[in-house]
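Engineer: fold the following, please.
(3 chains)
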Amino acid sequence: MNRAAASHEVDGGPLIRATSDRDVLAEAAGLTVGYGGVAAIENVSFRVRRGERIALLGPNGGGKTTLLRSITGEADRISGSLRVSASWATVPQTERSRLDYPVSALDVAVMGSLASLPWWRQPGRRERAAALQALERVGMVKLAGATFGELSAGQRQRVLIARGLVQDAGLLLLDEPFTGLDASSSDRLETLIGALATEERGILIATHDLEQARRWDLVVCLNRRQIAFGPPGEVLNLAVLEATYGGAIVAIPDSGGLGILPPHHHHQS
Amino acid sequence: MIGPFSDPVMQRALVEATLVGVCGGALGCWVIFYGLSYASESLAHGLFPGLVAAALLGLPLVLGAGVGLVAAALAVAVASRVPGVGRNVAVAVVVTSLFGLGVLLALSPASPPGIQALLFGDVLGANDADLALSGALALGIVGALWLLHGRLLAVGFDRDFARSLGVSAAAADAAVLTLLAGAILVGVQGMGNLLVVAVLIGPAATARQLSSRMAPMMLLSVAVAALAGAAGLCLSYYAGTAAGASIAAALVAAYLAAAFGRRSRLPITVEEVP
Amino acid sequence: MLDPFQLPFVQRGLLELLILSIPAGLLGTWIVLRGLAFFSHAVGTAAFPGLVLADGLGFAAPLGAFGAAVAFSAGTAVVARRRPGDQDSLTAMVLVGCLAIGVILASDVFRSGSNVETLLFGSLLLIDGRDIALAAAAAAASLGAAVLFGRRWLAAGFDPTAAKSVGAGAPYLQIALLGLIALATTAALSVIGALLVAALFVVPSATARLWTSRMLSWQISSVVLVAVEGTAGLWLSVKTNAPPGATIATLSGAVFALAAAARAMPRPGRRTCLSAAVAAVAFLVAGCSSVASNDSGKLQVVATTTQIGDFVREVGGNAVAVDQILQPNTDPHEYEPRPSDIEGAAGAKLVFANGDDLDAWIDQVVSESGSEARIVDLGAAVPVKLPGESSGAEASRYDAHWWHDPRNAEAAVEEIRRALIEAEPSNAAEFRRNADAYLGKLRALDRGIAKCMDSVPATQRKLVTDHDAFGYFAKRYGITVVGAVIPSQTTQAQPSAKDVSDLVNLIEREGVTAVFPESSVSPKLAETIAHETGASSDHTLYGDTLGSKDSSGATYLQMEAANADAMVQGFSGGKRSCSIHGIG
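Structural biologist: Residues are numbered from 1 along each chain as shown, chains lettered A, B, ... in the order given. Sure thing, here's the model as predicted:
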């Protein structure tokens, strides 16, 4: 699948392909979502297939997190349609998970198994084995016994991804996963995301970093509405970026590419 | 010279203090991580209208108090879902209005005098019925915590993710608050209304300084509660100080010893200020 | 119908509430925004040890409360600095420490705390110039601080990390906010009470939050809402004769619930919801504002306690309208006068009081009402006096429960007769006739009880009760008071394990056969002790007040006869009973 997406990037062909319906993990059409009846992003249409890594690109306050929350059901759908046909797992910004919470990395990974257990059942030996396997997969098995809050930011991201793997989620929702990571942690995480995509999972990655967005299969540009959706090579042009970032775009002379001025903080009160 | 616990009153007080400690110690860990410290302090006042209503209707007071507490707990759960209203503000709103309502209801000539005193007990005044009720509620609370452990842990850690597991954060909140209502019902009969917060927060706050995993923390918390109960009763026996307050003082001492007696181990703490 | 706001104490209460609306509304928004609801509640409750200290050592209660509040805030700040983490559990731990100290001080050091009860619940009558000055100081300080620090508080609340970089995370800012909350909460204690402080400081701001989205409009509407709810609650409380704190709390809670429900509703439904709410409130107010009419043409007399009310009714007969302040089963030690008491005193010519500090609040009730009534201190007129407690809440020269000796009741009735004749000589003959008949019954009661007690051997007449109210009764009839289950104290006080253990040993050693719970105090501890020692606790005594109308202690004569019967049954292990003739 990943290969298919990559080739299609090279081809630059039309986005709509003849794939079977069961490959579609989530699909939005003319979707407007918000909170308490007030729209936060309008008219979003995109589709996530198995094996696709999709960037949600936009400035802070542009609606990336709101779009993720519409999939998790936390934001209200105001109009349009949204169909989520796979189980999903969130990998939140680490600030949102409590660092003083009394759990180990293994405990966090085990939490993923609750999805498949009836409410009166406690996770047992089998669930722990699955959790250890998932930790192995993300390269965290050696630190399985460490307290979650004592891990580095990159390690925490990987543990949270392991939790999603234990849950066997088809759709992984990563909210700004690269924020605060050093270069080697970023590389590691990127490799991991690539590997997960080959397992037929769909991965949504919210980011405000243009360079990050270029590395994925598809990109949704958001600024309170959908600006563009398509392969990065096609859609990331000056017009789209200006609409996305509201004029804070500069051409970077050395690289011949485009850059974004340091993000302006839009404080919501 | 006979030891303090040769006397049946003291033996019963010890059993009651231990049962209150089991409820408070085990649930207290969840109270702290679910941000319910204020609720555990104040919910006891929210039972007042239920208590007065039971007295006016001629129903058993404990039943009225129990219903009143659960209603107050669920009202807190509902009110904290109002946008812009945090958990603590919800507690303030619910408990203040319920307590005010209770005071007004108690003005009815038909309500018995000193009605709160009829329910709020003293650890030394525990009778067999109190012990039976405390035992049953303690069993229920521990059983429920056992069953719900994994889910409560997942929701407390990451509420958003819990949705993806099909675990409703609202249901988990309601469950913890309802269990809290039960623990407070046990606590007010053993410790009185003013000091019930001591057994709900003290042991858990102490254990939290010493352990960084939930299950050991809960065991430690129960142990701290039981030991502080015995130590407080001994203190009350030998120094002649008020019994419930002595238990509370022993819990505060345990907390201070744990908090200040060891090197700082928590590397980072995230301050969650709205 | 007397308009509530014409009464001077209500005017003072209104002034206090209006001044408090400034700090309550302003600080309330910060309390809601910065998640300080628990702190604001705890700082009021933590005033408990300060109040006990102030009561025990005899300095001003607000000073004690403020001292405790400052100590609490400092304690919280110190622990939070040393152990950062969950702020609420730290607050709870420091609060537990304060409460434990308070209960131990009240139970074991001062054995006191009567003022504590009033300050936990608040009282309009307690408000004096000092409270208003304190509230004004809190208002000025909050206004000043809001102007000075408002922007920085907002920044720190919005983003603590970023606030540090712009200098808005400095500790003094947090300390200023906590200190102001402590000051304002203390100032509010006297009117609304520690347990209901949130009714002014949290609930209105939370309500206003539902409808505003900017700091300034939020603050202004909070202040206005506190003022409106305070005024309406005060008016309602005077009309319905309820405590102001509870009324304001219920009212503001209801307003919050309506506001939240209306917001959750679709827009068209809101108008209906709002008009329904207004109609409900109007209905409530209309239903509450009916005021009992006074018997016109009769001599208006106020009696403080239930037994004095009974005496006055017996002597006055149909010629006197008695306004009895305490109702059956209320504890006179904890009574808080209500607005209707003051209205009652306003029209009275005579006020009969128990004296000996049992009903010391009557002086203030009379002076508040602006009445010219003469206060007759019956306690000063009775012949038999026992020494009172040397310290604590009930400290007075004499034991105040003098009515449990029927000879004292006789003297009191004679004093009542004298005062009534003096006030209304035209009815002198009727007063004399009534009093003579009643005095005969009192003598029969005295003889009857003495005879009953003689039927029990003196060595078996050993009394254990849960309140020291029966000294006079015991002395008159040769009963030994072996011990008391709870030494007379505030209800927040607790016995120690040693007290209980000693009492159990004493009961067993002395062969006491019965423990007598008092009718208006929780019987639980007495029952447990009785159960433990094999003594009976089936017989209840009437101590401080008469029983309700259909009880066995509805009148003074019935009460004393019932007490004698209960004691004889208890002393004799149920073998004997006591019925007294000539008193019906």
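Engineer: surely B:Gly84 forms part of a helix?
Structural biologist: No: assigned with DSSP: H, G, I helix; E, B strand; the rest coil, B:Gly84 falls outside any helix and is coil.
Engineer: separation between it and chain C?
Structural biologist: Using CB to the nearest CB, to the nearest Å, B:Gly84 is found at 5 Å from chain C. C-beta: built from backbone N, CA, C; applies to glycine.
Engineer: tell me the first helix or strand C-terminal of the helix or strand of chain A with the lowest mean pLDDT.
Structural biologist: Least confident helix or strand, chain A: helix A:2-11 with a mean of 36, by mean pLDDT, DSSP states H and E. Next helix or strand after helix A:2-11 toward the C-terminus (DSSP states H and E): strand A:24-35.
Engineer: what comes into contact with that next one?
Structural biologist: Here strand A:24-35 makes contact (CB atoms under 8 Å, 6 or more residues apart in numbering or on different chains) with A:39-50, A:66-67, A:69-71, A:75-86, A:88, A:170-171, A:202, B:83.
Engineer: buried ones among the residues you listed?
Structural biologist: For these, a burial check counting by 16 or more other CB atoms under 10 Å in any protein chain shown picks out A:39-42, A:44, A:46-50, A:66-67, A:69-71, A:75-76, A:78, A:80, A:82, A:84, A:86, A:88, A:170-171, A:202.
Engineer: list the ones among these that fall in helices.
Structural biologist: Those of these mapping onto helices are A:Thr66, A:Leu67, A:Arg69, A:Ser70, A:Ile71, per DSSP state H.
Engineer: could you dump the residues you listed to JSON lines with distance to B:Gly156?
Structural biologist: Output for these, formatted as JSON lines (distance: CB to CB, whole Å):
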{"residue": "A:Thr66", "distance to B:Gly156": "25"}
{"residue": "A:Leu67", "distance to B:Gly156": "26"}
{"residue": "A:Arg69", "distance to B:Gly156": "20"}
{"residue": "A:Ser70", "distance to B:Gly156": "25"}
{"residue": "A:Ile71", "distance to B:Gly156": "23"}
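Engineer: just flag the most distant two among these.
Structural biologist: Put simply, by CB to CB the two of those set farthest apart are A:Thr66 and A:Ile71, 10.2 Å from each other.
Engineer: picking that back up, intersect the buried ones among the contacts of strand A:24-35 with the contacts of chain B.
Structural biologist: A:Arg69, A:Trp88 (CB under 8 Å from any CB of the partner chain).
Engineer: before we move on, the earlier item: quick one: which of the contacts of strand A:24-35 sit in strands?
Structural biologist: Residues of the contacts of strand A:24-35 located in strands (DSSP state E): A:39-49, A:76-84, A:88, A:171, A:202.
Engineer: which parts of the stretch 1-150 of chain B are helices?
Structural biologist: B:8-33, B:37-46, B:48-57, B:61-79, B:87-106, B:115-119, B:128-157 (DSSP state H, counting those that start in this stretch).
Engineer: just the stretch 151-300 of chain C next, same as before
Structural biologist: C:160-165, C:171-192, C:198-201, C:203-209, C:215-240, C:244-264, C:267-288.
Engineer: again, but for the stretch 401-550 of chain C
Structural biologist: C:406-423, C:428-454, C:471-476, C:497-510, C:524-533.
Engineer: neighbours of C:Ala280, how many?
Structural biologist: If you count neighbours by other CB atoms under 10 Å in any protein chain shown, C:Ala280 ends up with 12.
Engineer: outline the domain layout of the chain.
Structural biologist: Just so you know, I chose chain A. Taking automatic domain parsing as the reference, chain A has its domains at A:2-86+A:170-260, A:100-168.
Engineer: wait, chain C was what I had in mind.
Structural biologist: C:4-288, C:299-445, C:456-571.
Engineer: mind checking which of those domains is nearest chain B?
Structural biologist: domain C:4-288 (2.1 Å; CB to the nearest CB).
Engineer: interface residues of the stretch 101-250 of chain A facing chain B?
Structural biologist: Residues of the stretch 101-250 of chain A lying near chain B (CB under 8 Å from any CB): A:101-104, A:107-108, A:110-112, A:114-115, A:117, A:119-120, A:122-123, A:147, A:149-150, A:160, A:163, A:167, A:169.
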